[in-house]
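Novice: Structure of the sequence below:
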Amino acid sequence: MRIYRLQTEDGERAIGRLVSQEQLLNVYARLGLDCQIEMTPQEVFGAVMDAKTTLSLLGGYQLRRSLVMGQPRLELNSASGTALPALKAMGCFTEVIQWKTRVFIPVDGTEVLVRVLAEYPVGGSAADAAA
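Specialist: Modelled structure (predicted):
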């Protein structure tokens, strides 16, 4: 972690650290604030698959990188059984792994990710965090 010390033109001093766009969701959630971050599907894909960041989506979902049978996958966590038909209609697919139904977004293209992010944008709400 790198700490920065800044001084304004008025002479006021402040210290802080640089918070990435992905980490900002955590900061807002811990402060109990609602947050919606504008990220392109390519940025979301890169943050989750390359930087291995877990991103929260509005609606209480989480996008994370999972390793299934040695292959990296884009997993949508916290999907309830009632939401499965709508997610499948968007292009997501499910697999039963260890008696649990898990929802995945195909990694070979961003069309499905675009549809999911249109319905559930990157962000979080205090109500989702409390649930």
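Novice: Ramachandran angles for the residue nearest the centre of the chain?
Specialist: Nearest to the centroid of the C-alpha atoms of the chain, with distances taken as Cα atoms, centre = their mean, sits Leu55, at 1.7 Å. Backbone torsions for Leu55, taken as degrees, to the nearest 10, come to phi -110, psi 140.
Novice: what's the answer for Gly81, then?
Specialist: Main-chain dihedrals, Gly81, degrees, to the nearest 10: phi -60, psi -30.
Novice: any idea how far it lies from Val103?
Specialist: Separation of Gly81 from Val103 (Cβ to Cβ, to the nearest Å): 11 Å. In this view, the C-beta of every residue, glycine as well, is placed from N, C-alpha and C.
Novice: between those two, which one's more packed in?
Specialist: More crowded of Gly81 and Val103, by other Cβ atoms under 10 Å: Val103, with 20 against 7.
Novice: Can you get me the centre-to-centre distance for whatever helix or strand that one lives in and its chain?
Specialist: Secondary structure from DSSP states H and E places Val103 in strand 100-105. Counting by Cα atoms, centre = their mean, to the nearest Å, strand 100-105 is centred 16 Å from the centre of its parent chain.
Novice: And stretch 62-80, by the same measure?
Specialist: Taking Cα atoms, centre = their mean, one finds the center of stretch 62-80 at 11 Å from the center of the full chain.
Novice: Stretch 71-84 too?
Specialist: 12 Å.
Novice: Can you name the secondary structure element that comes next after the top helix by length along the chain?
Specialist: Ranked by residue count and defined by DSSP state H, the top helix of the chain is helix 21-31. Using DSSP H and E, the helix or strand that follows helix 21-31 in sequence is strand 35-36.
Novice: Tell me the strands beside that following strand, with direction?
Specialist: strand 123-124 (antiparallel) (DSSP bridges).
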